[in-house]
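Colleague: Task: produce atomic coordinates for the following.
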Amino acid sequence: MTTASRASAEPDPERAEQADAPARAAEPVAPDTPAMRLFGLLELIAATDDFVSLPGLVAETGMPKPTVHRMLGQLESAGLLVRQSDGRHYGTGARLRAFAESLLLNSTQHGARHAVIDALVEEVGETCNVTALSGNEVVYLDRVETSEPLRFYLRTGSRVPAHASASGKMVLSQMSPEQRRKLLGHAPLRGYTPNTITDADRLEAELARVAEQGYAVDDEEFLAGLVCVAVLVPREGARSNTCVAVQAPTLRLQPDGAEGMLGPLRRAARAIADIEERGSGA
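Modeller: The predicted structure follows:
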């Protein structure tokens, strides 16, 4: 046998590895690996409305205390968790929140969601948004502008204060007063216009009204001359962090006309909820 023949007959480890790569990539990740246990702990913490502690996580997971302590240290060092000032409690870190926002902004359901908002704009004739709460701000996940020449331009990814926006008030209305204080109580409520609610007691009364009526209105509270109406995207058995909102200049929309927008907004919110449920395999 020639040298060339022997070379072709002998197995090539590099080619064999490349040939096996697709098969290995298709294999599911074992549920009981260190990486998946870390992910499971992070998922548990992210779903909790309050700060978590080592004893509480040990009791909830059933894992040994040294194991949970080590896992918390790993997540903290990665910037996914932040230890609170008392040294005993943990909350979600900036890196984890940025990751969650990236998922929302760039989800595979974006095209279908955008089509829903596009149709909503055609129906109501005004700019419409999909929004979510991030910290004490609302971030615009998706947006379609009206064709009207008079409009307020805010791009996708823009942020507005939760206490001065319809979407922010809508999401805040689902929280307990204690949760709202933890979120908003670290600094005075900033006034953006004469209509901004900057008193904590007045804001609590406003949020109680929002929770009762099922929609929120921004009555020129962030930008003078701009009115917004928001409803929640429903989420079965859980608190929603996503809203659908319409905004327009006061020349075309007044707060007392908000109820006229609720039918189209709620249909769009239900359609987006269906898209998210199908995308998650529900």
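
Colleague: what residue ranges in the stretch 151-282 of the chain score low on pLDDT?
Modeller: 279-282 (pLDDT under 70).

Colleague: which ones are touching residue 269?
Modeller: Counting by Cβ atoms under 8 Å, 6 or more residues apart in numbering, residue 269 makes contact with 231, 232, 233, 234, 243, 244. Just so you know, the C-beta spots here come from the backbone N, C-alpha and C atoms, and that holds for glycine as well.

Colleague: Mind doing that once more with 6 Å?
Modeller: By Cβ atoms under 6 Å, 6 or more residues apart in numbering, the contact list for residue 269 reads 231, 233, 244.

Colleague: quick one, longest helix in the chain?
Modeller: Ranked by residue count under DSSP state H, the longest helix found in the chain is helix 259-279.

Colleague: Quick one: distance of it to the chain centre.
Modeller: Here the centre of helix 259-279 is set off from its chain's centre by 16 Å, with Cα atoms, centre = their mean, to the nearest Å.

Colleague: burial measure for the closest residue to residue 189 other than its chain neighbours, as a count.
Modeller: What sits nearest to residue 189 in space, not counting adjacent residues and going by Cβ to Cβ, 6 or more residues apart in numbering, is residue 198, at 4.4 Å. Here the number of neighbours of residue 198 (other Cβ atoms under 10 Å) works out to 14.

Colleague: Ok, residue 216 next?
Modeller: 27.

Colleague: The stretch 1-150 of the chain: strands as residue ranges?
Modeller: All strands of the stretch 1-150 of the chain, identified by DSSP state E, counting those that start in this stretch, fall at 52-53, 81-83, 89-92, 127-134, 137-144.

Colleague: Out of those, which is the most enclosed?
Modeller: Most buried of the strands of the stretch 1-150 of the chain by mean neighbour count (mean count of other Cβ atoms under 10 Å) is strand 127-134; its value is a mean of 24.

Colleague: avg pLDDT for that one?
Modeller: When pLDDT is averaged along strand 127-134, the result is 92.
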